[in-house]
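Trainee: Compute the structure for the input listed below.
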Amino acid sequence: MIKRLPRHLLFLIVFITAALQTEAQTKTTVMLNHIAVYVKDLQVMTDFYRTIVGIDTMPEPFHDGKHTWFPIGGHSQLHFIKGAKETTPHDKNSHLCFTVSSVDDFVKRLIAAGIHYEDWPGKANAITTRVDGVKQVYFKDPENYWVEVNDDKY
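Mentor: Numbers count the residues shown, from 1 in each chain. Purely as a prediction, here's the structure:
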């Protein structure tokens, strides 16, 4: 014989179940779609990110010579948009960050290309090792945007 639950307990179970379903239905999933960077010289920036950073382009829908798109993981992209009138200085706190399997190997690429790199405090030709063991270096792209490259395994 199955014992019936008391009404107040049955009501509580139904109420909690409905509340959880409502919460699940109203939560919005947020993920990064793209980062757009306004650039002066699209070709120079595209070449730099291909050869130095090591990401390749992907098809972009405009085909107008004013855009370059790079896949940067999952469904996310980096978009360069031609049209900036000048390059401007940027603070190191505002930077793009990419993960590589070996910062030491990446630094060899920077050295071979003659690109200045530094650690977080700004010491030239130095690598920062964070408290969690992640190595990182910083350098500027041709339009003065800061770029971090690290070996975070997330």
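Trainee: Now the spatially most central residue of the chain: which helix or strand?
Mentor: Nearest residue to the geometric centre of the chain (CA atoms, centre = their mean): residue 97, 5.7 Å. Of the helices and strands defined by DSSP states H and E, residue 97 is found in strand 95-99.
Trainee: got it, and residue 65?
Mentor: Using DSSP H and E, residue 65 falls outside every helix and strand.
Trainee: now do residue 116
Mentor: Counting by DSSP H and E, residue 116 is part of no helix or strand.
Trainee: which residues sit in contact with it?
Mentor: Residues counted as contacts of residue 116 (CB atoms under 8 Å, 6 or more residues apart in numbering) are 124, 139, 140. Yep, even glycine has a C-beta here, placed from its N, CA and C like the rest.
Trainee: Also residue 109?
Mentor: 52, 54.
Trainee: so how many other residues sit close to residue 39?
Mentor: 23 (other CB atoms under 10 Å).
Trainee: Could you report the pLDDT at it?
Mentor: On pLDDT, residue 39 comes in at 98.
Trainee: try the one 4 residues further on
Mentor: Note on residue 43: pLDDT of 98.
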